[in-house]
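>>> When you get a sec, could you give me coordinates for this:
(2 chains)
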Number of protein chains: 2
Amino acid sequence: MRWKAKIIVRLKEGLNDPEGRVIGKALKNLGYDVDELKVPKCFELVFESEEPEEDVEEMCKRLLANPLIHTYEYEIEPLGE
Amino acid sequence: MRWKAKIIVRLKEGLNDPEGRVIGKALKNLGYDVDELKVPKCFELVFESEEPEEDVEEMCKRLLANPLIHTYEYEIEPLGE
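The predicted structure follows:
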């Protein structure tokens, strides 16, 4: 069966996010009252699997996230077939 | 008033996403049946505004997305105060 997954990988609280800081500062310089900006990693994939939750969990652990510095969450929805 | 926004900026259909292709290939090499993988840009921000929708729309147009090659969508929720 085919599935669509959306995975968001965030830096753990307190870790340095220089890209987010720079973009937040740029928005402030444009006049917006931005308190905080973060740039998590986002992955959108289409895949075939009989065990979609287990596969996505494994993909995160093995490749997409580093458990030392990241947390992750995902949504999976069926695409049919 | 304070708001939280989550913005996703995607490459338009048909444009080259080398990062997504490489990660999709790496997952295939690990044995997952991945058809397609994309890596949109994701921004999560906290900001103060009286007109949050207009501000986020402007931020996208002025800095976060390039309308020639990107589409974007966002969700905004109130944080109170």
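
>>> going forward, measure contacts and count neighbours with C-alpha atoms only.
Noted.

>>> Surely residue A:78 is in a helix?
No - counting by DSSP: H, G, I helix; E, B strand; the rest coil, residue A:78 is not part of a helix but strand.

>>> which one is it nearest to, not counting chain neighbours?
residue A:3 (4.5 Å; C-alpha to C-alpha, 6 or more residues apart in numbering or on different chains).

>>> With residue A:63 instead?
With sequence-adjacent residues excluded and distances taken as C-alpha to C-alpha, 6+ apart, residue A:63 is closest to residue B:27, at 7.6 Å.

>>> C-alpha coordinates for the helix or strand harbouring that neighbour, CSV please?
If you go by DSSP states H and E, residue B:27 is part of helix B:18-29. Taking C-alpha atoms only, helix B:18-29 is exported to CSV below (Å, rounded to 0.1, in the frame of the first residue of the first chain):
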residue,chain,number,x,y,z
PRO,B,18,18.7,17.6,-5.4
GLU,B,19,18.7,17.3,-1.6
GLY,B,20,15.4,15.5,-1.8
ARG,B,21,16.7,13.2,-4.5
VAL,B,22,19.8,12.3,-2.6
ILE,B,23,17.9,11.6,0.7
GLY,B,24,15.3,9.6,-1.2
LYS,B,25,18.1,7.5,-2.8
ALA,B,26,19.8,6.9,0.6
LEU,B,27,16.5,5.6,2.0
LYS,B,28,16.1,3.3,-0.9
ASN,B,29,19.6,2.0,-0.4
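
>>> Does residue A:6 touch residue B:8 like I think?
No - applying C-alpha atoms under 8 Å, one finds residue A:6 not in contact with residue B:8, separated by 11.6 Å.

>>> rewinding a little: how about the helix holding residue B:27: buried residues?
Using 16 or more other C-alpha atoms under 10 Å in any protein chain shown as the test for burial, helix B:18-29 gives B:20, B:23, B:24, B:25, B:27.

>>> Of the residues you listed, just say which sits nearest to residue A:55.
Of all the buried residues of helix B:18-29, residue A:55 sits closest to residue B:27, with 10.4 Å by C-alpha to C-alpha.

>>> Quick check, pLDDT for that closest one.
Looking at residue B:27, its pLDDT stands at 98.

>>> Pretty sure it sits against residue B:37.
No - contact criterion C-alpha under 8 Å: residue B:27 and residue B:37 do not qualify, at 9.5 Å.

>>> Spit out the contact partners of residue A:20.
Contact analysis of residue A:20 by C-alpha atoms under 8 Å, 6 or more residues apart in numbering or on different chains lists A:37, A:38, A:39.
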